[in-house]
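Student: Quick one, structure for this:
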Amino acid sequence: MSTQQQLIIIGNGMVGHHLVEQLVERGATERYAITVFGEERHIAYDRVHLSEYFADRDAESLALSTADYYAEHGIELRLSEAVTAIDRNKGEVVTPLGRYPYDRLVLATGSYPFVPPIPGNDREGCLVYRTLEDLDAIRAAAENATTGVVVGGGLLGLEAANALRGLNLDTAVVEFAPRLMPMQVDAEGGELLREKIEALGVQVLTERATQRIEDGDTGRHRMVFQDDKVLEADLIVFSAGIRPRDELARDSALEIGERGGVVIDDRCLTSDPMILAIGEVALWNQSIFGLVAPGYQMARVTADTLMADTLGRDPETFRGADMSTKLKLLGVDVGSIGDAHGTQHPGARMFRYLDQIKQEYRKLVVSGDGKKLLGAMLVGDNSYYESLMQYYANGLALPEDPAALILPSSDGAPALGPDALPDGAMICSCHNVTKGDICTTIDAGAADLATVKGDTKASTGCGGCAALLKSVVDHELESRGVEVDRSLCEHFAYTRQELFDIVRVEGIKTFSELMEKHGASHTHRLGCDICKPAVASILASCFNEPITDAAHIPLQDTNDTFMANMQKNGTYSVVPRIAGGEITPDKLVVLGQVAQKYDLYTKITGGQRIDLFGARQEDLPAIWGELIEAGFETGHAYGKSLRTVKSCVGSTWCRYGVQDSVGMAIKLEHRYKGLRSPHKIKFAVSGCTRECAEAQSKDIGVIATENGWNLYVCGNGGMRPRHAELFATDLDDEQLVKTIDRVLMFYVRTADRLQRTSVWRENLEGGLEYLQQVVLEDSLGINDELERQMQAVVDSYECEWAGAIKDPEKLKRFRSFVNDSRPDPDIIMTSERGQLRPA
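Tutor: The predicted model follows:
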């Protein structure tokens with residue numbers, strides 16, 4: 001019987017642990033006695049979601065494995081034991097507890113956070129953001145702090161800023177470069193990213209070189225910059241990049257790169273063939289790879305190298321890695337694919353799309369002949385990422401007009417269907433899973449997404465491929481005649497409709513409670529960008545609690561967070577409700593006075609309201625304080641809710657009018673103004689069949705007749721107009737309200753997330769006739785319940801702004817800067833036609 005060789009792995013991070021899994025998969029425990037050293041006390045944990053440690057995750061929920069897993073496979077795991085030296089002559093590693101022999105050695109030591117050599121960087125309260133212990137230190141320091149600064153505006157810096165925000169600190173980011181995330185985005189994308197992050201209340205300072213850190217006046221620390229300007233804070237976190245932890249290799253005379261990193265070849269072998277290196281400590285072809293996917297790829301290569309003679313195939317080699325990334329930083333989408341800056345391919349051509357209103361930026365880099373995608377950049381909307389990534393990764397021919405891939409359409413981002421992908425299309429780069437691998441797994445018996453993920457590990461790394469994976473799995477299952485799971489996302493094994501019923505029946509009022517009771521046990525507990533807004537909408541529809549309450553704020557987007565629509569220059573619009581378009585002269589005067597006082601641009605909208613544009617974030621509470629005192633209330637222009645009820649003057653003034661359309665419009669607007677729904681809702685009421693209010697283009701349209709009201713439903717304008725359909729005729733006032741109650745609440749209960757009434761109606765089996773049977777004939781026996789639910793929403797209404805201006809904690813959200821009450825100097829206005837507009 002042959003003696004086992006001694007294999008030592010130094011490092012128990014994500015990549016080191018993935019190597020262990022790959023070795024187990026290849027049966028390496030029969031050949032090697034494996035020992036793993038980790039200097040931290042925690043077993044390998046998910047660093048990709050590290051910031052969630054400040055929310056409702058702990059070390060156990062972040063853990064990638066258990067001690068039992070290692071013991072079950074006969075692998076010795078030695079945590080809290082750092083390797084201090086490698087004795088290559090004796091083939092031993094040295095720790096404070098002894099010396100351990102090795103036949104083969106793998107360095108998976110990762111990296112450490114770079115702290116700029118600034119005088120004062122070692123003061124108490126100057127910390128780094130890298131490990132769970134680091135986060136414990138940050139949390140402890142934050143208990144006695146109100147302000148925090150992150151040094152570094154790259155990926156890790158913005159993650160750290162998100163963590164400080166989660167600790168309720170006024171947060172600033174200081175970056176040396178001219179823009180945030182300079183490696184991922186260009187000047188235009190960086191400016192948009194800055195606007196979006198500043199709109200969240202995070203101060204951004206670019207082109208700032210910190211000269212020293214000293215005692216502060218208003219904060220514990222004062223940062224002094226190259227122009228002698230200062231910024232004070234109680235807590236400073238350095239997150240200015242990483243450096244490879246190559247000191248063990250350096251001290252043992254392994255070949256090291258000029259700027260650090262252990263030099264490896266295509267098999268991950270170092271200059272000593274008995275020693276391998278993987279992850280962020282490894283330098284391949286003069287490159288360090290700081291993402292998890294390349295580290296996992298190196299782990300697979302290393303496992304092949306160590307077990308090469310048993311594979312029955314050629315060992316995998318490392319040939320570099322794609323550094324494309326899809327991120328959500330502080331709730332802002334950022335995507336980078338391939339040669340996003342267009343600097344690596346002479347003759348490349350570019351397409352750019354910028355929407356400063358919606359705050360979206362997209363860029364394509366294509367070959368000179370326009371046939372291949374070389375790179376792409378996204379800020380503000382990553383829904384385009386998956387299709388673009390497949391064009392890039394698989395070398396697919398671009399459409400005749402490549403710009404169509406980034407231009408908006410009525411149906412959102414253009415999708416590249418799963419059927420268009422070749423079997424070799426890479427779905428999960430972290431675990432090297434192709435579409436063909438998924439098909440093979442399904443053919444072998446996997447009948448749902450969870451099984452496919454379990455068998456292939458797809459989407460268990462960074463998670464960026466989750467949407468694409470689900471699309472491919474659903475398509476392949478359906479093509480084989482298998483009924484597809486329609487779960488909302490991986491965190492909830494329910495549709496939106498089922499979640500709505502669960503929340504309503506069980507009286508669940510918070511996202512965390514819903515996750516605790518009904519979330520999938522194998523997933524992390526913070527949810528995702530699919531389920532969080534969907535659940536926020538459900539909770540608001542059921543209980544109508546203020547969205548600004550602490551339990552609900554983490555679920556909201558920027559507009560809902562600040563109860564205003566953010567505009568292209570970082571200011572906001574103020575839209576008070578003007579029910580039915582009717583307003584008194586006194587209130588008109590108030591609007592004019594407020595607009596003059598705060599230098600606001602004013603415009604009458606198509607929905608018969610007056611919009612006030614250009615409000616600074618810090619002025620919003622004062623503006624709304626004056627409006628509420630004058631009798632106004634929020635117009636919900638920022639929410640997925642009732643926007644307006646447009647009306648003509650009706651029989652009150654018009655000689656053609658047959659009913660009081662203004663009175664009915666006001667009645668309907670006040671009734672439904674608190675209703676949160678899957679998507680925005682618009683009404684109109686016309687006083688006669690001349691249809692001056694354009695009711696037949698609205699979600700709910702009401703047209704007066706000699707005998708009452710005709711009701712039209714499920715229309716909309718916009719990029720994809722749909723004519724509303726006649727639903728019921730000659731209704732009296734009471735019948736009209738009851739019918740609308742039922743239609744809207746049935747829509748709220750059964751629509752998919754972010755689904756307009758028009759799309760919902762088109763997807764209803766049985767179409768309009770079915771909807772009429774449910775609402776008019778009570779075919780499901782639920783009309784009384786629908787009416788009670790709507791009445792509960794009506795009875796619980798309160799103006800969100802009225803509540804916010806009375807709450808000091810909520811008002812803190814509207815401060816623009818840390819330690820500075822002055823307005824944002826980057827907001828520059830110019831005059832045009834007698835009003836201010838963005839310069």
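Student: Show me the shaky parts of the stretch 651-800 of the chain.
Tutor: The stretch 651-800 of the chain contains residues with pLDDT under 70 at 718-720.
Student: swap in the stretch 401-550 of the chain?
Tutor: For the stretch 401-550 of the chain, applying pLDDT under 70 flags the ranges 409-416, 462-464, 485, 521-525, 548, 550.
Student: In it, mark out all the helices, start to finish.
Tutor: Assigned by DSSP state H, counting those that start in this stretch, the stretch 401-550 of the chain shows helices spanning 435-443, 449-456, 466-479, 496-506, 511-518, 531-543.
Student: Mind giving me the packing neighbours of the fourth one?
Tutor: So that's helix 496-506. Judged by 3 or more C-beta pairs under 8 Å, 6 or more residues apart in numbering; DSSP states H and E, helix 496-506 is in contact with helix 511-518, helix 531-543, helix 733-750. In short, each C-beta sits where N, CA and C put it, glycine included.
Student: ok, now the second one?
Tutor: Counting by 3+ C-beta pairs under 8 Å, 6+ apart, the packing neighbours recorded for helix 449-456 are helix 435-443, helix 466-479.
Student: What are the buried residues along the longest one?
Tutor: Of the residues in helix 466-479, those with enough neighbours to count as buried (16 or more other C-beta atoms under 10 Å) are 466-477.
Student: do stretch 183-198 as well
Tutor: Applying 16+ other C-beta under 10 Å to stretch 183-198 flags 184-186, 189-198 as buried.
Student: contact partners of that stretch?
Tutor: 154-155, 158, 161, 173, 178-182, 204, 206, 325, 327, 329-330, 332, 334, 336, 340-341, 352, 354, 356, 359-361, 363, 377, 379-380, 558, 566, 568-570, 816, 824 (C-beta atoms under 8 Å, 6 or more residues apart in numbering).
Student: hmm, which of those are the buried ones?
Tutor: Buried, going by 16+ other C-beta under 10 Å: 154-155, 158, 161, 173, 179-182, 204, 206, 325, 327, 329-330, 332, 334, 336, 340-341, 354, 359-361, 363, 377, 379-380, 558, 566, 569-570, 816, 824, out of those.
Student: Select from those residues every entry located in strands.
Tutor: 173, 204, 325, 327, 329, 332, 334, 336, 354, 360-361, 363, 377, 379, 566 (DSSP state E).
Student: Quick check, Gln696 in contact with Asn716.
Tutor: No - look at Gln696 against Asn716 with C-beta atoms under 8 Å: they stay out of range, at 10.7 Å.
Student: Looking at the two now, which is surrounded by more residues?
Tutor: Using other C-beta atoms under 10 Å as the criterion, Gln696 and Asn716 rank with Asn716 on top: 21 against 17.
Student: Can you pull the phi/psi pair for that one?
Tutor: Backbone torsions for Asn716, taken as degrees, to the nearest 10, come to phi -160, psi 160.
Student: nearest residue to Gly717 other than its sequence neighbours?
Tutor: Using C-beta to C-beta, 6 or more residues apart in numbering and skipping residues adjacent in sequence, the residue nearest Gly717 is Ser697, 4.9 Å away.
Student: Kindly report the same for Ala161.
Tutor: In space, Ala161 is closest to Val150, 4.7 Å off (C-beta to C-beta, 6+ apart).
Student: Could you look up the SS state of the one you found?
Tutor: Classification of Val150 using DSSP: H, G, I helix; E, B strand; the rest coil returns strand.
Student: what's the answer for Tyr392, then?
Tutor: From three-state DSSP, the assignment for Tyr392 is helix.
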